[in-house]
Structure formats: C-alpha cells, structure tokens
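Trainee: Structure, please.
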Amino acid sequence: MSQITTQPDENGADEKKPSDPSRRFWVTTACAVGGVAGVGAAVPFVGSFAPSAKARAAGAPVEVDISTLAPGQMRTVEWRGNPVWILHRTEEQLASLSGHDGALADPLSNRAGFTPEYAKNEYRSRRPEIFVCIGICTHLGCAPTPHLNPGAQPGVPSDWSGGFLCPCHGSTFDLAGRVFSNKPAPDNLEVPPYEFSADGMLITIGVDEDNKA
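Mentor: Model prediction:
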C-alpha cells in the first residue's frame, strides 16, 4: 500500500498526494535495517536468561547432582566466586561429631550471625549425612585443607577425629565445620543458603526459606 502525505493547497485545504517514491525507499530501508538490528539484539538478550559464569559469580543459584556422591566423598563447586564443599559423611564420621563439644568454640553455631537456623545443630546441616559449607577460613580468608581421616597427622592433634586444617595459621575445624577453641579463626565455617530437591538427589546452593532465587 502506498503512503499518503497531506499538504495544504492554495486555498489552505489539505490536499492528499502520493509521497515521494525515493523518500519511501529510504524510509523502508531504514526500517528493515532497524528490524534486523532489533532481532540481532534480541538474541543475546534471550540468551542472558541462562545464568552465565558472571551471573553465577554474582550469586545465581547453583544446582548440584549428589546422586553419585558416595559416603566419605567430598565435592567442591563454585558459588559467588567461593568454593562450596559438599561432604557425604559416613556413619563413623557422624559418630565422631559427638563428645567433643567442650573442645569447640561454638558447638551449636549460636555466635555467628550468618548460620541459618537449619544448621544450628550438631551436624550443621539439613540432613545429618550431607554437610554443605563455604571452604574459606573465617580468620583471614585462607582455604582450609580436608583432613577427613582420623588419627595423628601433621598439623592436627594425635586424637584427631577428622575435619579441616587451615594451613595459614593453624585453625582446625571438625567434620561439621565447627572451629576448635583457642584457634585464630573466630567462627565456624559458613553454611550458605541451600535446599534439597523433593527426591533429595539435587542440592540448590543460593536459595532457602529466606533467600529466594
């Protein structure tokens, strides 16, 4: 359909005349180019709905399949640029968490304000066997190393029952990330917000009752 423009005739009345064909060509061309550019811009915009590495580092939830995580194994994933440990504790490791509260600085994590309510227990977890924490020492931000097996080892006591040792300044944590007394680290290892899927096979890190995606 041709475009119609109006302009006043000699009597001042509007007279309808066909628009200039060359002008119509350039207008149409500009619209077409703009349309292509709009489609091109939409592609990366739509793609941005999938969390990028940058978005994950900024705090996007991270989903982890734990269906193959065997008892005694630990997996490390990244959330907000931090290492998050997921440890599937054995029955023996769970039993080791009892009986040494007197040696811990904060057995039930009442002192640290960043511990969610579901982690203020002996296991510091939603499910006793699965422990989730941020693998960064609460002293000066060093990365502790896992020493999961019990027994005497360099840097830990002779009655060591398993846990984590910070190599920077010697802070030690049990298998629930609870710091032992008289160590440089002021608090237990941080537990991030997380939740399990309905079947318990997935963990989503970054969301819980108080932190929605």
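Trainee: rest of the way, CA atoms for contacts and neighbours
Mentor: Will do.
Trainee: residues making contact with stretch 163-173?
Mentor: The list of residues contacting stretch 163-173 from outside it, by C-alpha atoms under 8 Å, 6 or more residues apart in numbering, reads 137, 142-149, 155-156, 174-177, 179-180, 183-185, 188-189.
Trainee: quick one, helices of the chain?
Mentor: Assigned by DSSP state H, the helices in the chain fall at 21-47, 53-58, 91-95.
Trainee: rank those by pLDDT, which is bottom?
Mentor: Among these, helix 21-47 has the lowest mean pLDDT, at a mean of 43.
Trainee: residue ranges with poor pLDDT in this structure?
Mentor: In the predicted model, the chain carries pLDDT under 70 at residues 1-59, 112, 213.
Trainee: can you pull up the bridge partners for the most centrally placed residue in it?
Mentor: Closest to where the C-alpha atoms of the chain average out (C-alpha atoms, centre = their mean) is Trp79, at 3.3 Å. The residues paired with Trp79 through beta bridges, assigned by DSSP bridges, are Asn82.
Trainee: I figured it hits Pro61, correct?
Mentor: Yes. If you go by C-alpha atoms under 8 Å, Trp79 and Pro61 touch, sitting 7.5 Å apart.
Trainee: okay, and the common contacts of these two?
Mentor: By the contact definition C-alpha under 8 Å, 6+ apart, Trp79 and Pro61 are jointly contacted by 205-206.
Trainee: What are the structural domain limits within the chain?
Mentor: What the record gives for the chain is the domain set 4-47, 53-205, from automatic domain parsing.
Trainee: Highest mean neighbour count out of those domains?
Mentor: Using mean count of other C-alpha atoms under 10 Å, the stretch among these with the greatest mean number of neighbours is domain 53-205 (a mean of 18).
Trainee: Within its local environment, how many residues does Glu209 see?
Mentor: A total of 10 residues lie near Glu209 under the criterion other C-alpha atoms under 10 Å.
Trainee: Which parts of the protein are strands?
Mentor: Under the criterion DSSP state E, strands of the chain are mapped to 4-8, 14-18, 62-65, 74-79, 82-88, 130-134, 145-147, 163-165, 172-174, 194-196, 202-205.
Trainee: quick one: Asn137 from Ala143, how far?
Mentor: For residue 137 the amino acid is Cys, not Asn. When C-alpha to C-alpha, to the nearest Å is applied, the distance between Cys137 and Ala143 equals 6 Å.
Trainee: now swap in Val191 and tell me
Mentor: For Val191, the distance to Ala143 under the criterion C-alpha to C-alpha works out to 15 Å.
Trainee: Kindly report the same for Arg178.
Mentor: Using C-alpha to C-alpha, Arg178 is found at 15 Å from Ala143.
Trainee: And for Pro154?
Mentor: The spacing between Pro154 and Ala143, counted by C-alpha to C-alpha, is 17 Å.
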